[in-house]
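K.L.:
Got a sequence here, can you model it:
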Amino acid sequence: MPGSPPRSSGLASRRPPRQSVPRSRLRVGLVALVAVVALAAPLGACVPAASAGQLKPTLTTTAVRGGEVAMQDGMPVPSFGFQGRPRIDLNGSWRVDRQVFDSDLSLTPREASLEGIVNDAAGREKPQFDDSTWQEVDVPGALNLPPDRREVGGWYRRSFFIPSTWTGQAVSLKFGAVNYLADVWLNGTWLGYHEGGSTPFAFDATAAARPGRRNVVVVRVDNPAWGSRNDIVPWGLADWWNFGGLIRPVWLEAANPVQVVRADVVPHLDGADVSVVVRNAGPSTVSPGLTVEVYPARSATGNLLDPDPRRLIPTRSSAVVTQDLDAGQLNPGDVARIDGGFLIAGAETWSPLTPNLYVLRVTLSNEGRPTDVLHELFGLRQVTVDPSRPAVDLNGRAVVLPGVAVHDQELVESAGGAVTGHLPAPSEVLDALERARSVGARLLRPGHAPPNPVLLDLADRLGLAVWEEIPLYHYTPQTFGIAMARGIPQQMLREMALRDMNHPSVLFHGLANESTGDDDRQRALTELRDVDRGIDGTRLTGQAAYGFTPSDSTSAPLDVAGYTFYHGVFYGTDPSGNTAAALETAHETYPDKPLMILEFGTWADGVNRLSEQRRIFSETSTQLFGQRATRPGGYVSGAIWWALEDYATLRPTIEVERFGLFGPGGKARPVAADVRASFADVPLGLEDIPVIPIVPSSRGLPAASNQSGLRLLAYIGFGFASALTTLTVAFALLVRRGGRSGHPWPTIRWHRL
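P.N.:
Modelled structure (predicted):
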């Protein structure tokens with residue numbers, strides 16, 4: 001996310017260029033800003049102190065026969081991909097009662113807080129509760145669609161029928177994501193909780209489910225406002241939209257009690273290793289057969305949006321691999337991991353130019369009869385750092401990846417200028433990715449949180465590489481310490497890695513964005529790197545460090561050195577010269593690491609900014625791609641324009657960040673043509689392999705508004721208000737926590753060292 005040097009509070013805000021506002025307004029604003037910094041300087045000797053929530057992460061790693069397995073809520077973490085098993089889709093209309101909850105209670109361990117939560121529920125968790133007066137909302141969806149800035153939670157309820165044919169089956173209740181903290185009941189039975197707003201989770205619902213009858217699922221969602229406390233992730237006010245509620249699909253799935261839980265593929269260029277997790281949730285000891293098959297997959301217009309991997313297997317195609325593995329004996333309650341490997345004759349690899357895919361089919365059988373089947377889509381690719389030069393290698397070849405940032409939201413702007421927004425439908429995600437392809441993007445950065453799984457499905461099929469990350473956004477030494485001690489970033493990373501293990505498009509895992517601190521940050525990044533390698537190890541790790549400190553050494557433990565570059569926009573005066581100097585310093589700091597420039601760009605608020613947007617792109621990209629790693633002596637392996645489209649933000653006084661190549665409605669700005677031409681001139685490094693054609697965009701230029709002058713006052717006012725509030729907090733020794741208290745940053749207690 002765009003950012004300027006952090007102020008004395010340690011929290012980053014943005015500063016538009018001088019030429020965007022009249023000199024008189026600039027002078028007044030700068031005087032005010034200098035005064036705020038001077039007032040805040042004495043607080044440099046103070047350290048914010050806050051008691052963190054004690055709620056524990058729910059994901060653990062357990063040793064079982066065959067190796068280690070990720071466990072959560074008493075069951076192995078399952079696959080969340082679409083399966084051909086009996087399924088009850090719970091998307092659609094739910095009843096909701098919006099609430100602002102006591103987040104201190106929500107973040108207290110359930111052995112001490114569940115009674116209080118149930119008392120507060122006043123019967124809402126019970127199947128017989130009358131919710132007929134509650135509002136109806138769509139799931140997946142959010143409780144606060146733009147422009148509604150209220151970050152609220154609520155009680156969700158949905159009744160549904162489970163067929164009697166599910167009797168004797170193992171039933172799981174799966175959530176794509178709930179933002180931010182969910183407690184779940186089925187038919188009055190509390191199943192458990194989950195913290196973290198973008199990753200999936202599941203519960204074993206077998207004992208609580210009632211086949212042949214109506215069932216009721218209830219979810220309590222607490223969504224603490226960003227900036228209200230520093231023990232949630234993200235903690236501070238972030239520059240995107242905090243969609244609260246059931247923001248991803250919800251479904252029930254039935255399977256044979258003896259089941260394939262998940263299958264993880266570690267790809268090579270001529271085959272793959274596979275790790276299969278099986279579970280016996282039944283009452284009897286069994287010795288099932290286990291067969292692994294691999295089929296070629298083909299994506300086309302008709303199946304791009306089909307989540308079922310089986311639909312990508314061509315008609316009458318034969319398996320290219322068939323292998324039997326030994327599942328051994330499974331006693332009741334056993335979980336086992338079975339590892340294997342296979343080669344594929346004439347294997348076809350995945351890359352942005354050749355997005356070749358395969359379908360893995362894993363079958364459990366009893367006495368020769370299939371009892372459970374699991375399908376996973378995967379691709380063969382390897383991404384590494386070249387051992388002989390600072391370059392990202394894809395399938396053994398140095399590559400450079402020009403790209404764009406995308407946000408998981410869809411904006412709609414009326415003729416009068418009013419902007420509304422919502423979470424995008426799959427077809428809208430596809431439209432956005434087609435716009436990305438139309439400008440020649442090869443790499444996507446889906447904001448600062450684990451992306452929509454639909455985006456990853458499409459990226460696999462369309463040939464778009466992905467940098468995905470967890471939301472450690474603008475973290476400080478203190479908040480790194482609080483978050484890592486609680487274990488929430490580690491859990492988010494594990495959940496993201498487990499969910500996305502088989503997506504070949506995911507080449508990078510980002511571990512932090514525009515954060516501060518040296519030793520604390522590097523310790524956190526090292527631990528997260530180890531967590532990532534312990535589960536995955538097939539992606540490169542990195543962070544997005546501030547570009548105004550290119551000598552930042554905290555990326556040392558990571559595979560690539562990532563930066564956000566806003567030279568001549570938020571800092572410096574010469575986009576070309578300052579970018580060139582920063583690149584040289586970054587390369588000197590990391591002579592053996594490829595550089596990934598994860599943001600560069602500027603906004604287009606008004607016609608007078610359109611030409612400035614083009615200038616910033618031209619002068620910055622010339623320097624970035626002039627040092628591309630596919631050239632002799634080059635070291636830049638990727639550069640991402642911020643952003644593909646405008647997006648709604650919770651920044652005070654700003655409704656929409658207009659950084660897009662495209663405005664609301666998908667109309668291209670003039671800079672989009674420049675990006676298309678420039679990206680086309682950047683060889684990926686794999687051009688001797690047949691290319692999938694990119695369809696050019698035919699969208700026109702949207703109407704623009706002149707808001708750049710107001711933006712500076714908004715940023716300065718926001719900085720002034722934040723610093724003034726911090727002073728007030730410090731001098732008043734406020735101790736109350738949990739609400740906004742009239743300002744966007746955490747209410748904190750201060751003590752002097």
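K.L.:
okay, now the domains of the protein?
P.N.:
Per automatic domain parsing, the domain ranges recorded for the chain read 23-49+710-752, 59-253, 258-378, 383-706.
K.L.:
Let me have those in TSV, adding mean neighbour count and mean pLDDT as columns.
P.N.:
(Each C-beta comes from the backbone N, C-alpha and C, glycine too.) Formatted as TSV, these follow (neighbours: other Cβ atoms under 10 Å; pLDDT from 0 to 100):
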stretch	mean neighbour count	mean pLDDT
domain 23-49+710-752	16	33
domain 59-253	19	97
domain 258-378	18	96
domain 383-706	21	93
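K.L.:
Tell me which of these approaches Met1 most closely.
P.N.:
With Cβ to Cβ as the criterion, Met1 lies closest to domain 59-253 of those, at 4.6 Å.
K.L.:
Spatially central residue for this structure, please.
P.N.:
Centroid-nearest residue in the chain, with Cα atoms, centre = their mean: Pro450, separated by 1.5 Å.
K.L.:
Hmm, that residue is touching Asn179, no?
P.N.:
No: using Cβ atoms under 8 Å, Pro450 is not in contact with Asn179; the gap is 11.4 Å.
K.L.:
can you list residues touching both of these two?
P.N.:
Common contacts of Pro450 and Asn179, defined by Cβ atoms under 8 Å, 6 or more residues apart in numbering, comprise Ser198.
K.L.:
Show me where the stretch 501-650 of the chain has its strands.
P.N.:
Ranges of strands within the stretch 501-650 of the chain are 506-513, 540-546, 561-564, 595-600, 636-641, 647-648, based on DSSP state E, counting those that start in this stretch.
K.L.:
could I get the domains of the chain as CSV with distance to Pro2?
P.N.:
Listed next are these as CSV, based on distance: least, Cβ to Cβ, whole Å:
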stretch, distance to Pro2
domain 23-49+710-752, 11
domain 59-253, 7
domain 258-378, 26
domain 383-706, 6
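K.L.:
hey, where'd the helices end up in the stretch 551-700 of the chain?
P.N.:
Secondary structure of the stretch 551-700 of the chain (DSSP state H, counting those that start in this stretch): helices at 575-589, 607-626, 670-680.
K.L.:
What distance do you get for the residue nearest to Arg397 when sequence neighbours are not counted to Asn578?
P.N.:
Once flanking residues are discounted, Arg397 sits nearest to Gly685: 5.3 Å by Cβ to Cβ, 6 or more residues apart in numbering. Using Cβ to Cβ, to the nearest Å, Gly685 is found at 27 Å from Asn578.
K.L.:
next one: Ala170
P.N.:
Counting by Cβ to Cβ - Ala170 and Asn578 are separated by 59 Å.
K.L.:
Check Thr653 too.
P.N.:
Distance from Thr653 to Asn578, by Cβ to Cβ: 28 Å.
K.L.:
Equivalent analysis for Ala398, please.
P.N.:
27 Å.
K.L.:
With Thr479 instead?
P.N.:
Distance from Thr479 to Asn578, by Cβ to Cβ: 29 Å.
K.L.:
Kindly reformat the helices of the stretch 551-700 of the chain as TSV containing distance to Leu423.
P.N.:
Converted to TSV, the helices of the stretch 551-700 of the chain look like this (distance: least, Cβ to Cβ, whole Å):
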stretch	distance to Leu423
helix 575-589	34
helix 607-626	27
helix 670-680	24
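K.L.:
Out of the ones you listed, flag the one nearest Thr363.
P.N.:
helix 670-680 (43.4 Å).
K.L.:
what packs against that closest one?
P.N.:
With contacts defined as 3 or more Cβ pairs under 8 Å, 6 or more residues apart in numbering; DSSP states H and E, the packing partners of helix 670-680 are strand 401-405, helix 607-626.
K.L.:
In terms of helices and strands, where is Leu493?
P.N.:
Using DSSP states H and E, Leu493 maps to helix 488-499.
K.L.:
what helices or strands is that helix leaning on?
P.N.:
For helix 488-499, the helices and strands in contact under the criterion 3+ Cβ pairs under 8 Å, 6+ apart are strand 59-64, strand 506-513, helix 519-535.
K.L.:
got a list of contacts for it?
P.N.:
By Cβ under 8 Å, 6+ apart, helix 488-499 touches 57-59, 70, 77, 80, 195-196, 198-201, 232-233, 262, 264, 450, 453, 468, 470-472, 483-484, 509, 511, 524, 527-528, 531-532, 535-536.
K.L.:
make it 7 Å
P.N.:
Outside helix 488-499, the residues that touch it by Cβ atoms under 7 Å, 6 or more residues apart in numbering are 57, 59, 70, 77, 80, 195-196, 199-200, 233, 450, 468, 470, 472, 483, 509, 528, 531-532, 535-536.
K.L.:
same thing with stretch 185-199?
P.N.:
When contacts are defined by Cβ under 7 Å, 6+ apart, stretch 185-199 is touched by residues 55, 58, 73, 110, 114, 125-127, 173, 177-184, 201, 203, 205, 208-210, 215-218, 449-450, 488, 491-492, 495-496, 499.
K.L.:
now stretch 86-106
P.N.:
Outside stretch 86-106, the residues that touch it by Cβ under 7 Å, 6+ apart are 113, 116-117, 124, 131, 134-140, 143, 152-158, 160, 162, 166, 181, 217, 222, 224, 229, 249-254, 738.
K.L.:
how long is it end to end?
P.N.:
By Cα to Cα, to the nearest Å, the extent of stretch 86-106 from end to end equals 34 Å.
K.L.:
OK, contacts around His567?
P.N.:
By Cβ under 7 Å, 6+ apart, His567 lies in contact with 547, 575, 578-579, 582, 620.
K.L.:
And the strands in the stretch 151-300 of the chain?
P.N.:
Listed in chain order, the strands of the stretch 151-300 of the chain (DSSP E, counting those that start in this stretch) span 153-162, 170-175, 181-186, 189-195, 201-204, 213-222, 250-255, 258-267, 271-280, 289-297.
K.L.:
So which other helices or strands are in contact with the fifth one?
P.N.:
Under the contact criterion of 3 or more Cβ pairs under 7 Å, 6 or more residues apart in numbering; DSSP states H and E, strand 201-204 touches strand 170-175, strand 189-195.
K.L.:
Now render the strands of the stretch 151-300 of the chain as TSV, adding distance to Tyr635.
P.N.:
As requested, these are exported to TSV (distance: least, Cβ to Cβ, whole Å):
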stretch	distance to Tyr635
strand 153-162	46
strand 170-175	42
strand 181-186	42
strand 189-195	39
strand 201-204	40
strand 213-222	45
strand 250-255	45
strand 258-267	26
strand 271-280	31
strand 289-297	35
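K.L.:
And the nearest residue to Leu374 once chain neighbours are set aside, how far from Pro57?
P.N.:
By the measure of Cβ to Cβ, 6+ apart, the closest residue to Leu374 outside its immediate chain neighbours is Val260, 4.1 Å from it. Plainly put, Val260 is 26 Å away from Pro57 if you go by Cβ to Cβ.
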